[in-house]
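Undergrad: here is a sequence together with a model predicted from it:
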Amino acid sequence: MRLQDKVAVVTGGANGIGKATVRALAAEGAAVVIADFDRQRSAQLVEELGGAGKTVVYEFCDLTDSGSVKQMIEATIARFGRVDILANIAGGSGLSPFYKTPAGQAQKWTEDIPEAEWDNTIAINLTAPFYTLKHALPYMKKAGRGTIVNFSSVGADHGFADSSFAYAAYAAAKAGIIGFTHQLARELGPFGITANCVSPGAVTSERMQERWEKDPRWREESDRTLRDVVPLRRRASTDEVAACVVFLASADASYVSGITLDVNGGRYMR
Ligand SMILES: NC(=O)c1ccc[n+]([C@@H]2O[C@H](COP(=O)([O-])OP(=O)(O)OC[C@H]3O[C@@H](n4cnc5c(N)ncnc54)[C@H](O)[C@@H]3O)[C@@H](O)[C@H]2O)c1
């Protein structure tokens, strides 16, 4: 097992890519802390993996609240003594009715985005990773080792073709996290800590499946677009993305720092 005796914190670990990552890290022997505000799904995952003999615990955390993040990190240190792997996965482009235009149209241009929506999108995608790092880095630096895996998106590099959600704020936040990761790699290298980004394209997650069930036409349109732009002609599974996090967190990637690992089926090539 590649991550025996490592301690990992996974933000957004209750659902989607985060959940697949919790499973994948635990399968490689890591003790995993799920940092999420979804108590129910987190408890289910703890029960499932605990029953399979894995060390997986839940720490409630609102990632947009620095005090709450501090408590989560301190609880992790109190329980395990260290953080070796910090996977900042929680994020998203906004999915509630709040994100529809007042007229209920699908399109959402930059000038339509309410200020609060901009702030919320930046808060979860860019500021939340800053909070986890602010509170975990003193411990990681002291230990003289560690790996950080941040999450970007294919939209950071070439924008999104449709504007049905708050993509301007999302693209800005996801581009910001790449710059943030570069700075982290520079600052933290001398402390033996690596920092990298995973940048997925389209991923089939439970959340996406729920959305498609409500709106099958949207799925058909999205499938058609993907066939045109993704050489592999399909979405990624959450497990395929989680495997990249495990790679970056493992000794296999010990000399990899400051990169953005594209997991997009060839949709965007650097
Ligand atoms: N799914 C995709 O197609 C896709 C594509 C590109 C990039 N990404 C990125 O990958 C990451 C994971 O995406 P996903 O689709 O698996 O997400 P998801 O919506 O399925 O899960 C997000 C998790 O974060 C948690 N969360 C959200 N806000 C929180 C807060 N304030 N405090 C605590 N927990 C909070 C949620 O409870 C949930 O468990 C995100 O950063 C997303 O932007 C996803």
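TA: Okay, I see it. Numbers count the residues shown, from 1 in each chain.
Undergrad: look up how far residue 206 lies from residue 14.
TA: Residue 14 sits 11 Å away from residue 206 when distances are taken as C-beta to C-beta, to the nearest Å. All C-beta atoms are positioned from the backbone trio N, CA, C, and that covers glycine.
Undergrad: ignore the last one, residue 194
TA: 30 Å.
Undergrad: looking at the chain, which strand is longest?
TA: Longest strand in the chain, counting residues (DSSP state E): strand 193-200.
Undergrad: ok, that strand: who's next to it in the sheet?
TA: As defined by DSSP bridges, the strand partners of strand 193-200 come to strand 146-151 (parallel), strand 260-263 (parallel).
Undergrad: the ligand: which of the ones you listed is closest?
TA: Proximity to the ligand (C-beta to the nearest ligand atom) singles out strand 146-151 among these, at 3.8 Å.
Undergrad: average pLDDT for that closest one, rounded please.
TA: Strand 146-151 comes out with an average pLDDT of 98.
Undergrad: same question for stretch 48-63.
TA: Average pLDDT, stretch 48-63: 98.
Undergrad: equivalent analysis for stretch 204-221, please.
TA: On average, stretch 204-221 scores 81.
Undergrad: same deal with stretch 135-142?
TA: The average pLDDT within stretch 135-142 is 98.
Undergrad: could I get the full set of strands for the protein?
TA: Going by DSSP E, the chain shows strands at 7-11, 31-36, 56-60, 85-88, 146-151, 193-200, 203-204, 236-237, 260-263.
Undergrad: figure out how far the longest one is from the centre of its chain.
TA: Relative to the chain's own centre, strand 193-200 is displaced by 10 Å; criterion: C-alpha atoms, centre = their mean, to the nearest Å.
Undergrad: stretch 6-13 too?
TA: How far stretch 6-13 lies from its chain's middle: 10 Å, per C-alpha atoms, centre = their mean.
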